[in-house]
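> prediction below, plus the sequence it came from.
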Amino acid sequence: MAKYGKNPRAIAGLVRDAEVHRDVYVDPEVFELEMEHLFPNSWIYVGHASQLSKPGDFITANIGRQPVMASRHTDGSIHVFYNRCPHKGVKIASEPCGNTGKFFRCPYHAWSFKTDGSLLAIPLKKGYEGTGFADTQANGGLSKIKNVVIYRDFIFARLSENGVAFEDYFGESLSTIDNMADRSPEGKLAVEAVPIRYMHTCNWKMLVENQTDTCHPMVAHESSAGTAIKVWQREQGNSTETPMAVQLYGPFMSPYEFYEQSGIRIWPNGHGHTGVANSIHSNYSDVEGYLGQMVAAYGKKRAHEILGEVRHNTVYFPNIMVKGAVQILRNFIPIAVDRTLVESWVYRLVGAPDKLYERALMYNRFINAPTSIVGHDDLEMYERAQEGLKSNGNQWVNLRRLYESGEEPDVTAVINGTSERQMRNQFHAWAKYMTMDMKQDVDQPVEAAE
Amino acid sequence: MISENTITDFIYREAELLDTMQWQAWLELFHPEARYWMPLEWQQQDPVLQPSLMYEDLLLMKVRVERLTGERTFSQKPKSRCHHLLQAPRIVACDPAAGVFKARTSYIYTETRGDTLERFSGWASHDLVQVGDDLKIMLKRIDLVNFDAPFGNIQLFM
């Protein structure tokens, strides 16, 4: 039975100050409304401009569940449009990336489009003369997404024509993307390889919340990170150097006090990050030659500033996480209410030593792969939550850790690193972007969740 | 003297150890400098500067094996089991004088846990060396036919 459609007051009622109703994770109708409202109203990551280096290059993506594509036009500009032919709806591009040459050609009836999406040609065009075709949407070619911003080569799009402007939406949170790009001596990142893909049988928001959940690593990852430390201590013999692998796993077992002092920063619109003062990425070995390159490029002071900022996980609401210090972006792509595809991308720091790319690739397969023991720990928890939430005994998920009454929404603040405030911040934004274009139907009961 | 049959028997024995969960005996088949590699790209050449699903040394394989029986390894409650269905290995090299022994084996792999069962197809490539009278694995490479698809958890070894 539909409870939440056209019922913004019921949607808002799912989010209390420090609790959320389980329907946000398990109700298929809420998921459908996320696809209809939340994702179109938000700025969503589409891809990276380095994936579109030559004219005719294209990539495909989904915003919510809607297929889109981005292309590099002959004049060098980047365009984003819906990935469907204006004729019969056939997807124009079926591969994750490629080069289409001078134009796109629909494989069904050979309608063709320039790489900016405009209609190039239709076979037997005279069959459309005098039919009113010129006045149809199809005559405009591939339906273009107007609200596109490319920030330091990161391509974001907002499907809704009206909404919050890019700069207002992300604000100061863009500093994490800045820091990741600045870590290249040339200030540039490049995608050189496919992402690691990992299917999760849980709601996408569980993954997003987990990014700033600092009270789980020493518990859920005792089996992986804890065992790595134990086996290394037993096997190290006379080695004086800790292997890169142990350096990556080890810090997950840091005690609560470490996460408490490292802090969390929250920003308006649901963005926030862990690791303010320092993070689990702070103590990796130096890579030979890198600091020298950075000092030569930026000067000593600025180079140290850039490398001294070692944020842990930055959540860009609604569904990506960026890790500047190891050059990884995780995209939590919603498939169904209980199904999420996670694509984890590694960026190469252009001009930096290979060793940094090697470390980022290693981190990605250790933590974000279907073969990752850390991933196994996490997915087990999400799956159990997805099952456990079917229980009617308690319909609310508790997010009260370090809650203070009267917490202001949409503020910038630095807080204790074990707070669940970033999760509260996300759900405040969730309710806002779900309901901003939803009209109340007067016939709907308001308290649907009760 | 290592013959083609020795190589084939070795590969069958390895699969048997995995299917019967004799993890320690399985680890002993590896040379101390060995690697276990699952590429993420078609005909991938570089395990270090190209992404892989796994590229692990013996230390990391020991971590995996030890984790499987850990008291707080919740993703192994209940435990996973596996089954290897191997085609007869194709001997790529069997040169005792040069110490080069290589085989490629087509397989179907099943991993099950609780009520779920997942099936994978691919090719296992073994690079072996002679140590005393025995063969040891220097490199085991697992090429999945659908390496580019998104999987759920793969917790055991193909």
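Here it is on my side, so go on.
> spatially nearest residue to residue 123, not counting backbone neighbours?
Since you didn't name a chain, this refers to chain A. A:A110 (5.2 Å; C-beta to C-beta, 6 or more residues apart in numbering or on different chains). In short, each C-beta sits where N, CA and C put it, glycine included.
> wait, chain B was what I had in mind.
Counting by C-beta to C-beta, 6+ apart, the residue nearest B:W123 is B:D143, at 4.9 Å.
> enumerate the residues of chain B near chain A.
Neighbours of chain A within chain B, by C-beta under 8 Å from any C-beta of the partner chain: B:38, B:40-41, B:48-55, B:57, B:59-60, B:62-64, B:66-67, B:70, B:72-75, B:148-155.
> recalculate using a threshold of 7 Å.
Contact residues (C-beta under 7 Å from any C-beta of the partner chain) of chain B with chain A: B:38, B:40-41, B:48-54, B:59-60, B:62-64, B:66-67, B:70, B:72-75, B:148, B:150-155.
> give me the buried entries from those.
B:38, B:40, B:50-54, B:59-60, B:62-64, B:66-67, B:73-75, B:150-155 (16 or more other C-beta atoms under 10 Å in any protein chain shown).
> quick one, longest strand in chain B?
The residue-count maximum for a strand in chain B (DSSP state E) belongs to strand B:116-131.
> oh, that last question was meant for chain A, not what I typed.
Chain A, longest strand under DSSP E: strand A:339-349.
> now for it, which elements pack on it?
Judged by 3 or more C-beta pairs under 7 Å, 6 or more residues apart in numbering or on different chains; DSSP states H and E, strand A:339-349 is in contact with strand A:189-191, strand A:196-200, helix A:204-210, strand A:328-336, helix A:354-367.
> buried residues, the fourth one. List them.
It refers to strand A:328-336. If you call a residue buried by 16+ other C-beta under 10 Å, then strand A:328-336 has these buried ones: A:I328, A:L329, A:R330, A:N331, A:F332, A:I333, A:P334, A:I335.
> wait, which of the residues you listed is closest to B:A88?
Nearest to B:A88 among those, counting by C-beta to C-beta, is A:I335 at 39.3 Å.
> endpoint to endpoint, stretch A:191-199 covers what distance?
This stretch, stretch A:191-199, spans 22 Å end to end (C-alpha to C-alpha, to the nearest Å).
> ok, residues contacting it?
The contact list for stretch A:191-199, computed with C-beta atoms under 7 Å, 6 or more residues apart in numbering or on different chains, reads A:48, A:50-51, A:341-348, A:364-365, A:368-370, A:375, B:40-41, B:50-51, B:148, B:150-152.
> which secondary structure elements does the lengthiest helix in chain B contact?
In chain B, taking DSSP state H as the definition, the longest helix is helix B:4-19. Helices and strands touching helix B:4-19, by 3+ C-beta pairs under 7 Å, 6+ apart, are helix B:23-27, strand B:80-86, strand B:90-95, strand B:100-113, strand B:116-131, strand B:134-144.
> how about those in JSON lines, adding mean neighbour count and mean pLDDT?
Formatted as JSON lines, the helices and strands packed on helix B:4-19 follow (neighbours: other C-beta atoms under 10 Å in any protein chain shown; pLDDT from 0 to 100):
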{"stretch": "helix B:23-27", "mean neighbour count": "16", "mean pLDDT": "98"}
{"stretch": "strand B:80-86", "mean neighbour count": "17", "mean pLDDT": "98"}
{"stretch": "strand B:90-95", "mean neighbour count": "14", "mean pLDDT": "97"}
{"stretch": "strand B:100-113", "mean neighbour count": "18", "mean pLDDT": "98"}
{"stretch": "strand B:116-131", "mean neighbour count": "16", "mean pLDDT": "97"}
{"stretch": "strand B:134-144", "mean neighbour count": "19", "mean pLDDT": "97"}
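> quick one: those as CSV, columns for distance to A:G272 too.
Listed next are the helices and strands packed on helix B:4-19 as CSV, based on distance: least, C-beta to C-beta, whole Å:
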stretch, distance to A:G272
helix B:23-27, 41
strand B:80-86, 36
strand B:90-95, 53
strand B:100-113, 35
strand B:116-131, 35
strand B:134-144, 37
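> for the stretch 251-400 of chain A, what lies in contact range of chain B?
Within the stretch 251-400 of chain A, the positions lying close to chain B (C-beta under 7 Å from any C-beta) are A:341, A:346, A:354, A:357-358, A:361, A:364-365, A:369-371, A:373, A:376-377, A:379-380.
> which of the residues you listed count as buried?
A:341, A:346, A:357, A:361, A:364-365, A:369-371, A:373, A:376-377, A:379-380.
> pLDDT averaged over the helix or strand harbouring A:S71 - what is it?
Using DSSP states H and E, A:S71 sits within strand A:66-72. The average pLDDT within strand A:66-72 is 98.
> quick one: strands adjacent to that strand?
strand A:57-63 (antiparallel), strand A:78-82 (antiparallel) (DSSP bridges).
> from the middle of its chain, how far away would the helix or strand just after the last one be?
For strand A:78-82, the succeeding helix or strand toward the C-terminus, using DSSP H and E, is strand A:97-99. When C-alpha coordinates are averaged (C-alpha atoms, centre = their mean, to the nearest Å), strand A:97-99 and its chain have centres 22 Å apart.
> go on, stretch A:40-60?
How far stretch A:40-60 lies from its chain's middle: 14 Å, per C-alpha atoms, centre = their mean.
> may I have that stretch exported as PDB, CA atoms only?
What follows is stretch A:40-60, C-alpha atoms only, in PDB (Å, rounded to 0.1, in the frame of the first residue of the first chain):
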ATOM      1  CA  PRO A  40      17.300  13.900  -9.400                       C
ATOM      2  CA  ASN A  41      17.400  16.700  -6.800                       C
ATOM      3  CA  SER A  42      21.000  16.000  -5.800                       C
ATOM      4  CA  TRP A  43      24.400  16.500  -7.600                       C
ATOM      5  CA  ILE A  44      25.500  13.100  -8.600                       C
ATOM      6  CA  TYR A  45      29.000  12.000  -9.700                       C
ATOM      7  CA  VAL A  46      29.000  10.900 -13.400                       C
ATOM      8  CA  GLY A  47      32.700  10.300 -14.000                       C
ATOM      9  CA  HIS A  48      36.100  11.900 -14.400                       C
ATOM     10  CA  ALA A  49      37.200  14.100 -17.400                       C
ATOM     11  CA  SER A  50      40.400  12.100 -17.800                       C
ATOM     12  CA  GLN A  51      38.100   9.300 -19.000                       C
ATOM     13  CA  LEU A  52      37.200  11.600 -21.900                       C
ATOM     14  CA  SER A  53      40.600  12.700 -23.100                       C
ATOM     15  CA  LYS A  54      39.900  12.700 -26.900                       C
ATOM     16  CA  PRO A  55      36.900  14.000 -28.900                       C
ATOM     17  CA  GLY A  56      34.400  11.200 -29.400                       C
ATOM     18  CA  ASP A  57      35.300   9.500 -26.000                       C
ATOM     19  CA  PHE A  58      32.200   8.600 -24.000                       C
ATOM     20  CA  ILE A  59      31.400   7.100 -20.600                       C
ATOM     21  CA  THR A  60      28.000   5.700 -19.400                       C
END
